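Student: Dropping a prediction and its sequence here:
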Amino acid sequence: MASIDNLRLIGISGTNKVMAGELSRLARRAIPGIRMPKPAKQGLGALVYPFDTELAAVAVSYHRTASRVLWDLFESHARRLEPLYEELVEDISRDTREWLWDGASISIRARNVQSFAAGERQVVGAVKNALVDGARARGMRLRIEPDDPDILIAVRIHDGILSVSVDLAGRAMHQRGYRLEAGDAPLRENLAAVLVMLSRYDSRSDVLVDPLAGSGTIPIEAILMAKAASQWTEKRQPAYLRLPIYSEAKVKTEALYPDSKPTVVACDIDMRAIEMIRQNAKAAGVLDDLQVIHIDVRDLSPRVLEKTVGPTWDPRQVLVLCNPPYGERLEGGEVDLYQDLNEWSQQFTEGRAAFMIGNPQFEEIFKREPRVRKPISNGSLRGYYCLYDL
Ligand SMILES: C[S@@+](CC[C@H](N)C(=O)[O-])C[C@H]1O[C@@H](n2cnc3c(N)ncnc32)[C@H](O)[C@@H]1O
């Protein structure tokens, strides 16, 4: 085992560039004069930076495309439980960093540890025992608390190296807390944020339209990204604030761009979806920034958009961004809808349209050549992101 000191962002496979771009934007705004270190990539969905308390706090508070933000503390090449336990006890007993305290409760979450010569439970057990015994050697007692621990420990193996980290949010970052209702086939919030970034959404000029908005995840994330809103409130605080190293820190609730005035339109044919969009947008604090229309996409003409958006409407700046029904989770009628979307999009002679596609038939029917085509997954569903110039 060895001590390491890294900030690790974990996200959806294929999104390293997007995650790095987002963290740079946030850090440059939140930490004046920062010189952003270049991250090391670990596989397709993880970035590693040297640990910095301020940068880590900004990542947990504002980053929307990552699913986990970790403080990597130790790593080991051990392949068996005994050496893993012994190395870890020794490292923890000597560690002087301020992440542990007497009476802290911990829980351990293991991922990707299949390559270890023992089952996941045994790995979790060995790390747990090492943490308890290593802390005891420093005169600290730890409690095990599976549900709401003070410190959530993340254990994972990458390239044969097992790492032990603190999960700084204490939970998956896509659980934003605003989605009260999610509909039939919602996008993960951090995937919606990735789609917004991939589309190079510019909130100063683009009119973002989601004609199939479902529970409103894409429009809500677009507005929250434009404002660089915090993920947290006084009532709902991230776990890192409990660590002694952050004893002086306060929850960051203020947005980094509070005056941003994005133009975002969310539409759906289903009245229940419209209610969900309004409810979720209200919970996210962005209802006033969102235009919601109950309409069949087939009737959503540029004239309707012009009337909705008002004098700032500029057809050159339209950015359609949505995920059409996949056909796997939603029943019937998709092919007709894809055909109608293709015809509908012909009304826009400028701007761009981007889709998160789960059904290969979409690309056959939507005749244009995509400018960007990128494999990406929504949970267990494999799909593509395609960006078209209109
Ligand atoms: C896959 S869901 C979108 C999920 C959404 N991105 C979310 O995260 O919740 C597709 C949505 O398209 C809507 N829809 C289907 N046909 C439509 C049509 N012709 N016009 C407008 N909305 C339609 C459905 O009601 C559904 O809410």
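Tutor: Arrived safely. Numbering: from 1, shown residues only.
Student: Tell me which residue in this structure sits closest to the ligand.
Tutor: Per CB to the nearest ligand atom, residue 214 is where the chain lies closest to the ligand, at 2.6 Å. Every residue, glycine included, has its C-beta placed from N, CA and C.
Student: how's this structure carved up into domains?
Tutor: Using automatic domain parsing, the domain ranges for the chain come out as 2-167, 189-389.
Student: Can you get me the start-to-end distance on the first one?
Tutor: Terminal residues of domain 2-167 are spaced 19 Å apart (CA to CA, to the nearest Å).
Student: Kindly report the same for stretch 246-264.
Tutor: This stretch, stretch 246-264, spans 36 Å end to end (CA to CA).
Student: Residues touching it, excluding its own?
Tutor: 26, 29-30, 53, 57-58, 61-62, 98, 203-204, 206-210, 219, 222-223, 226-230, 232-234, 237-238, 240-241, 289-291, 309, 312 (CB atoms under 8 Å, 6 or more residues apart in numbering).
Student: Then stretch 21-35?
Tutor: 9, 36, 39, 47, 49, 54-55, 58-59, 62-65, 193, 197, 228, 256-257.
Student: related to what we said a few turns ago, give me the local confidence score for the residue of the chain closest to the ligand.
Tutor: We have a pLDDT of 95 for residue 214.
Student: how close does residue 71 sit to residue 199?
Tutor: Distance, residue 71 to residue 199, using CB to CB, to the nearest Å: 31 Å.
Student: and the contacts of stretch 21-35, which of them are in strands?
Tutor: 9, 47, 49 (DSSP state E).
Student: got a winner among those residues for most neighbours?
Tutor: Top of the ones in strands among the contacts of stretch 21-35 by neighbour number is residue 9, holding 28 neighbours under the definition other CB atoms under 10 Å.
Student: hang on, that one packs against residue 46?
Tutor: Yes. Between residue 9 and residue 46 a contact is recorded at 6.8 Å, counting by CB atoms under 8 Å.
Student: residues touching the residue nearest to residue 291 when sequence neighbours are not counted, list them.
Tutor: Residue nearest to residue 291 in three dimensions, not counting chain neighbours: residue 265, with 4.6 Å by CB to CB, 6 or more residues apart in numbering. Neighbour list for residue 265: 207-210, 219, 290-293, 305, 308-309 [criterion: CB under 8 Å, 6+ apart].
Student: Can you give me the buried ones in stretch 92-104?
Tutor: Neighbour-count burial for stretch 92-104 flags 92, 95, 99-101, 104 (criterion: 16 or more other CB atoms under 10 Å).
Student: how about the residues of the stretch 151-300 of the chain near the ligand?
Tutor: 183, 185-187, 211-215, 217-218, 267-270, 273, 296-297 (CB under 6 Å from any ligand atom).
Student: In three-state terms, how would the most centrally placed residue in the chain be classified?
Tutor: Nearest residue to the geometric centre of the chain (CA atoms, centre = their mean): residue 190, 2.8 Å. Using DSSP: H, G, I helix; E, B strand; the rest coil, the three-state assignment for residue 190 comes out as helix.
Student: any idea how far residue 176 is from it?
Tutor: 9 Å.
Student: for residue 177, phi and psi?
Tutor: Torsion angles at residue 177 (phi, psi; degrees, to the nearest 10) stand at phi 100, psi -10.
Student: contacting residues for the closest residue to residue 287 other than its chain neighbours?
Tutor: In space, and not counting its chain neighbours, residue 287 is closest to residue 281: 4.3 Å by CB to CB, 6+ apart. Contact analysis of residue 281 by CB under 8 Å, 6+ apart lists 216, 219-220, 223, 266, 287, 290, 292.
Student: got these as JSON lines, with neighbour count columns?
Tutor: Below are those laid out as JSON lines (neighbours: other CB atoms under 10 Å):
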{"residue": "216", "neighbour count": "33"}
{"residue": "219", "neighbour count": "31"}
{"residue": "220", "neighbour count": "31"}
{"residue": "223", "neighbour count": "27"}
{"residue": "266", "neighbour count": "30"}
{"residue": "287", "neighbour count": "17"}
{"residue": "290", "neighbour count": "24"}
{"residue": "292", "neighbour count": "21"}
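Student: so which two of those residues are the farthest from each other?
Tutor: Within those, 223 and 292 form the most distant pair, 12.1 Å apart (CB to CB).
Student: Am I right that residue 218 sits in a helix?
Tutor: Yes. Judged by three-state DSSP, residue 218 forms part of a helix.
Student: The nearest residue to residue 323 once chain neighbours are set aside and residue 194: what is the separation?
Tutor: Residue nearest to residue 323 in three dimensions, not counting chain neighbours: residue 356, with 3.8 Å by CB to CB, 6+ apart. Per CB to CB, residue 356 is found 9 Å from residue 194.
Student: tell me, what's touching these two both at once?
Tutor: Shared contacts of residue 356 and residue 194, defined by CB under 8 Å, 6+ apart, are found at residue 376.
Student: In contact with residue 15, which residues are there?
Tutor: Applying CB under 8 Å, 6+ apart, the residues near residue 15 are 44-45, 65, 194, 376.
Student: scratch that, residue 175 is what I was asking about
Tutor: For residue 175, the contact set (CB under 8 Å, 6+ apart) comprises residue 189.
Student: Please spell out the segments of the protein that come in under the pLDDT threshold.
Tutor: Low-confidence segments of the chain, defined by pLDDT under 70: 1, 327-332, 378.
Student: Longest helix in it, by number of residues?
Tutor: For the chain, the helix with the greatest residue count under DSSP state H is helix 120-137.
Student: For the helix or strand that that helix is followed by, which helices and strands make contact with it?
Tutor: Proceeding N to C from helix 120-137, the next assigned helix or strand is strand 143-144, under DSSP states H and E. Counting contacts by 3 or more CB pairs under 8 Å, 6 or more residues apart in numbering; DSSP states H and E, strand 143-144 is packed against strand 105-111.
Student: Much appreciated, bye for now.
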